[in-house]
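Chemist: From the sequence below, what's the structure:
(one chain, ligands or ions: 1)
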Amino acid sequence: MMNAEKITELRKFACDIRIKCMEQFGALGIGHVGGSLSCCDLMACLYGGIMNINPQEPRWEERDRFIMSKGHAGPAMYAALALRGYFEEEKLLTLNRPGTMLPSHTDSNRTPGVDMTTGSLGQGFSTGLGIALACRLKKLDNYIYILLGDGECDEGQVWECAMFAPAKKLTNVIVFVDANKLQLDGATDEVCALLDLRKKFEDFGWQAIETEDGNDAAQIVRAVEEAKADTEHPSVIILNTVKGKGWSYAETHFNHNMPVTPEQAQEAIAEIRAAKAAL
Ligand SMILES: Cc1ncc(C[n+]2csc(CCOP(=O)(O)OP(=O)(O)O)c2C)c(N)n1
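Modeler: Predicted coordinates for the structure are as follows:
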């Protein structure tokens, strides 16, 4: 149970993560803005309080794991990792440049704190369940957190995983769906409608929880507590989020991988700083 003070700290951490995202995009001139900004609150909750991790020992065996299955949102994860001290914050400005340790999609061979290489949508869910099964066989007392995009849920592989986790009783798994309703080239409902995602997961044997506001730290923390209280089923938490959250331009203009000028990055950072100051 986290108190109100801790929740405010997580909200501020989410603002810092957003600022670091925009610094990365501004330096590169392009980036997956919408899908990164929509999951910063989750990154803040996981890396700022929920996960049992040690930034000084990224490969500590008993740690909780996080798999960014929607790998194109790597910049949000990198921002959280840098702010938690996994590597120097200056490295963020090398995003996706030749020789960088921070490719646009997460790569466990390059970045301390990245537990699995992702980018091909659907695969992070499979490899995450493999890790969960291995941890279970090793009798580790830890959690495996996996983030999917709602567009990613159009992948057939996701539904193979949805069958596998309950069948193997992987109760150490908590999956999040970043339900921002948009994907690469349109609305998720129009590209391939998911219909009642919560019921679908329930029918596959999951405990399914939905947050009204998936960008709200208090709701995310509460949902994870509820997930952990069910020791019979793997859990999925559907986060109703806003693509581009925190920068009004990105919230209101459809974007996926968008160009970002230095001026736009500064405009976004000023807006996020003001939001943080109001907390
Ligand atoms: C297997 C596969 N097919 C296509 C792509 C190209 N792709 C990258 S991101 C994306 C859209 C993903 O949408 P969503 O999961 O909703 O992500 P978000 O809106 O949160 O950024 C697509 C189709 C990919 N990375 N992998």
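Chemist: tell me the contacts of the residue in the stretch 51-200 of the chain positioned nearest to the ligand?
Modeler: Closest contact between the stretch 51-200 of the chain and the ligand, by C-beta to the nearest ligand atom, is at residue 149 (1.9 Å). (Glycine included, C-beta is placed from N, CA and C.) Applying C-beta atoms under 8 Å, 6 or more residues apart in numbering, we find residue 149 in contact with 35, 69-70, 73, 121, 177-178, 180, 183.
Chemist: Regarding the closest residue to residue 101 other than its chain neighbours, what is its secondary structure?
Modeler: Once flanking residues are discounted, residue 101 sits nearest to residue 110: 4.9 Å by C-beta to C-beta, 6 or more residues apart in numbering. Put simply, residue 110 is coil when judged by DSSP: H, G, I helix; E, B strand; the rest coil.
Chemist: Distance check, residue 110 against residue 81.
Modeler: For residue 110, the distance to residue 81 equals 12 Å [C-beta to C-beta, to the nearest Å].
Chemist: all helices for the stretch 101-250 of the chain, in order.
Modeler: 123-137, 156-167, 188-192, 197-203, 217-229, 248-252 (DSSP state H, counting those that start in this stretch).
Chemist: got those helices as TSV, with mean neighbour count, distance to residue 13 and mean pLDDT columns?
Modeler: Formatted as TSV, the helices of the stretch 101-250 of the chain follow (neighbours: other C-beta atoms under 10 Å; distance: least, C-beta to C-beta, whole Å; pLDDT from 0 to 100):
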stretch	mean neighbour count	distance to residue 13	mean pLDDT
helix 123-137	20	23	98
helix 156-167	18	29	98
helix 188-192	14	28	97
helix 197-203	16	28	98
helix 217-229	19	8	98
helix 248-252	15	20	98
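Chemist: Great, nothing more from me.
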